[in-house]
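[1] Sequence and predicted model, in that order:
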Amino acid sequence: MGNITPQVLVSLVALGMALAFLSADRKSSTSRALASALAATGLAIFLNQGLIPDARHAPSWSGWLALPESLAIVMMLEWLLRARRTVPVPADFDTRFGDRVLRFGQLSGVAYSVFALLWPQIRLDDFLRSADGRGAFGRAGFWLFATPVLLAVFAGMTSLVLLLNRRPDRSERLRLLAFAGCIPFMVSGFVLPPQLASVAIVIGEMILLIGSVHYHVMQGQRGLFMARFLSPEVARLVSERGLRQAMQDSQLTITAVACDLRGFSSFARAVPSQLVIQVLREYYDTAGKVVAQYGGTIKDYAGDGILVLVGAPIALPDHAGRAIELSLRLRSVCQELIEQWSELGPRLGIGVGVASGPVTVGVIGGIARLEYTAVGSAVNLACRLCEQAHDGEILIDDTTQLGAGSLTASSREPLILKGFGEPVAHFSI
């Protein structure tokens with residue numbers, strides 16, 4: 001039992017890492033693939049070095065023990081393939097070569113098991129822990145099994161270099177570099193003596209663990225930041241795909257909803273500042289819950305004003321209808337809050353403006369501060385209509401009215417609004 005203790009411990013480390021990655025981020029396809037690769041690695045180590053401590057005296061069925069090794073190779077390359085798909089590429093960039101290289105590497109991993117089933121004793125005598133014997137590297141049997149492993153490694157490294165050339169975000173880059181650093185140690189476990197193989201594999205596991213921990217910490221920090229103004233669906237997208245993929249500049253047709261409190265300036269002058277902060281906190285919290293229910297994204301809090309985007313960064317075909325429902329619900333819950341606040345000072349009101357149209361959305365700012373922004377006339381129009389709305393009124397443009405389907409709204413006289421050359425047709429709800 002003492003002879004297999006190191007192998008058992010190494011296996012447990014691999015299995016523990018797999019469970020940690022899976023439980024922490026099970027909805028991510030990349031994390032699931034990486035967890036599968038680590039679990040297969042742990043199983044392969046236990047079976048091959050625990051059940052067969054002496055490679056020169058092994059049962060004929062030992063070729064089947066190569067299957068977990070092949071699965072570890074295939075899933076590690078599958079993880080890299082899925083990671084490639086989370087990194088954005090230019091429109092004219094062809095990623096098929098890198099994907100095909102990885103598929104070739106996976107086929108090489110499968111070939112390793114096929115060879116092991118056909119020639120199990122050669123695998124044991126000439127390849128596994130080949131450093132125990134003399135002249136192993138000169139034997140044809142050694143290269144029969146080393147070749148598919150090396151081809152898989154070459155495929156992984158080639159695809160990794162191509163991926164790094166696409167400049168993934170920092171968290172993904174750290175994880176990829178950790179992968180590159182762990183591979184030599186993991187592969188050496190095939191041929192080193194059992195004790196040295198255990199040490200080499202543990203070093204490889206620790207390198208991968210360090211890179212993965214950095215990745216998940218940075219993704220978590222981003223998730224906390226993004227969750228402050230994005231819907232839960234978008235926050236999950238950032239966590240799973242990375243900030244650049246989720247928030248890259250794009251052209252979308254959306255509906256913007258702008259609302260603010262009427263009489264807030266008078267209210268703020270009349271009541272203590274602590275109560276003003278309390279009112280704003282309740283207002284923001286309530287609005288945030290409503291926005292999340294309808295899949296909207298809070299673009300901006302500005303004093304008593306809130307700007308919401310429906311249909312960005314995740315496109316929604318029914319963005320106009322959702323925005324109307326969001327506006328009606330927002331008016332209702334805010335009017336309930338206004339009744340509660342009426343005892344604190346001058347009475348407040350609420351006005352809402354809604355407009356639809358194409359915009360450009362994306363993230364701007366530097367390392368210290370990021371802001372999600374939308375540029376387009378629909379955003380400006382929603383804000384202008386909000387300014388014109390009376391207490392309890394929702395003003396919508398004609399594009400939103402058409403996109404919302406069956407909607408009871410009263411037509412209003414066109415308005416001349418700042419920034420718009422022609423009078424703007426609109427409706428009141």
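    Now that the structure is in, tell me what you want to look at. Note that the coordinates shown come from a computational prediction; the quantities given were computed from them, not determined experimentally.
[2] Distance from the longest helix anywhere in the chain to the middle of the chain?
    Criterion DSSP state H: the longest helix present in the chain is helix 194-227. When distances are taken as CA atoms, centre = their mean, to the nearest Å, helix 194-227 is centred 17 Å away from the chain's centroid.
[3] name the helices or strands packed onto that helix?
    Applying 3 or more CB pairs under 8 Å, 6 or more residues apart in numbering; DSSP states H and E, one finds that helix 194-227 contacts helix 5-24, helix 29-45, helix 170-188, helix 232-241, helix 243-247. For the C-beta atoms, the positions are set from N, CA and C on the backbone; glycine is no exception.
[4] which stretches of this protein aren't confidently modelled?
    1-5, 49-59, 88-93, 129-138, 219-249, 363-372 (pLDDT under 70).
[5] got the domain boundaries for it?
    Following automatic domain parsing, one gets these domains for the chain: 5-227, 249-428.
[6] could those domains go into CSV alongside mean neighbour count?
    Converted to CSV, those look like this (neighbours: other CB atoms under 10 Å):
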stretch, mean neighbour count
domain 5-227, 19
domain 249-428, 18
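[7] picking that back up, who wins for proximity to residue 261 among the helices and strands packed on helix 194-227?
    Evaluated with CB to CB, the helices and strands packed on helix 194-227 place helix 232-241 nearest to residue 261, the distance being 25.5 Å.
[8] OK, contacts around residue 374?
    By CB atoms under 8 Å, 6 or more residues apart in numbering, the contact list for residue 374 reads 254, 256, 299, 309, 312, 359-361.
[9] cool, residue 320 as well?
    255, 310, 356, 399-400, 402-404.
[10] how about the nearest residue to it, chain neighbours excluded?
    residue 403 (3.1 Å; CB to CB, 6 or more residues apart in numbering).
[11] Pull stretch 22-32 out as PDB, backbone CA atoms only.
    What follows is stretch 22-32, C-alpha atoms only, in PDB (Å, rounded to 0.1, in the frame of the first residue of the first chain):
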ATOM      1  CA  LEU A  22     -17.400  21.800 -11.900                       C
ATOM      2  CA  SER A  23     -19.100  22.900  -8.800                       C
ATOM      3  CA  ALA A  24     -17.900  26.500  -9.000                       C
ATOM      4  CA  ASP A  25     -18.800  27.000 -12.700                       C
ATOM      5  CA  ARG A  26     -20.900  24.100 -13.900                       C
ATOM      6  CA  LYS A  27     -22.900  26.200 -16.400                       C
ATOM      7  CA  SER A  28     -19.800  27.000 -18.300                       C
ATOM      8  CA  SER A  29     -19.000  24.600 -21.200                       C
ATOM      9  CA  THR A  30     -15.300  25.300 -20.900                       C
ATOM     10  CA  SER A  31     -15.200  24.500 -17.100                       C
ATOM     11  CA  ARG A  32     -17.100  21.300 -17.700                       C
END
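[12] closest to residue 203 among the contacts of residue 320?
    Of these, the one sitting nearest to residue 203 (CB to CB) turns out to be residue 310, at 50.2 Å.
[13] The closest one against residue 325, yeah?
    No - using CB atoms under 8 Å, residue 310 is not in contact with residue 325, being 9.5 Å away.
[14] so what secondary structure elements neighbour the helix or strand hosting residue 70?
    Here residue 70 is covered by helix 66-85, with elements defined by DSSP states H and E. Applying 3+ CB pairs under 8 Å, 6+ apart, we find helix 66-85 packed against helix 29-45, helix 96-118, helix 140-164, helix 170-188.
[15] Redo the ones you listed as a markdown table? Include distance to residue 350.
    As requested, these are exported to a markdown table (distance: least, CB to CB, whole Å):
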| stretch | distance to residue 350 |
| --- | --- |
| helix 29-45 | 43 |
| helix 96-118 | 52 |
| helix 140-164 | 49 |
| helix 170-188 | 40 |
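[16] which one of the ones you listed lies closest to residue 349?
    helix 170-188 (44.8 Å).
[17] angle of the closest one against helix 29-45?
    20 degrees (axes from the mean of the first three to the mean of the last three CA atoms, to 10 degrees).
[18] hang on, the residue nearest to residue 320 packs against residue 356?
    Yes - between residue 403 and residue 356 there is a contact at 5.6 Å, judged by CB under 8 Å.
[19] Touching both of the two, which residues are there?
    255, 319-320.
[20] Quick check: of those, which lies closest to residue 379?
    residue 255 (10.1 Å).
[21] What is the top strand by length along the chain packed up against?
    With secondary structure taken from DSSP state E, the chain has its longest strand at strand 349-365. Helices and strands touching strand 349-365, by 3+ CB pairs under 8 Å, 6+ apart, are helix 243-247, strand 250-262, helix 319-341, strand 370-375, helix 377-388, strand 393-397, helix 398-403.
[22] TSV please, covering the ones you listed and showing distance to residue 28.
    Shown next, in TSV, are these (distance: least, CB to CB, whole Å):
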stretch	distance to residue 28
helix 243-247	12
strand 250-262	22
helix 319-341	27
strand 370-375	22
helix 377-388	32
strand 393-397	39
helix 398-403	34
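[23] Could you dump the helices and strands packed on helix 194-227 into a markdown table with distance to residue 142 added?
    Formatted as a markdown table, these follow (distance: least, CB to CB, whole Å):
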| stretch | distance to residue 142 |
| --- | --- |
| helix 5-24 | 22 |
| helix 29-45 | 19 |
| helix 170-188 | 14 |
| helix 232-241 | 42 |
| helix 243-247 | 43 |
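[24] With respect to residue 343, which of these lies nearest?
    helix 232-241 (33.6 Å).
[25] Spatially nearest residue to residue 162 (excluding sequence neighbours)?
    Using CB to CB, 6+ apart, the closest residue to residue 162 is residue 98 (4.3 Å).
[26] For the one you found, give its distance to residue 147.
    Relative to residue 147, residue 98 is positioned 22 Å away (CB to CB, to the nearest Å).
[27] Listing partners with orientation, what would you give for the host helix or strand of residue 301?
    Per DSSP H and E, residue 301 falls inside strand 296-302. Using DSSP bridges, strand 296-302 pairs in its sheet with strand 305-310 (antiparallel).
[28] Quick one: residues in contact with the partner strand.
    254-260, 284, 287, 291, 294-300, 316, 319-320, 322-323, 326, 359, 361, 374, 379, 382-383, 386.
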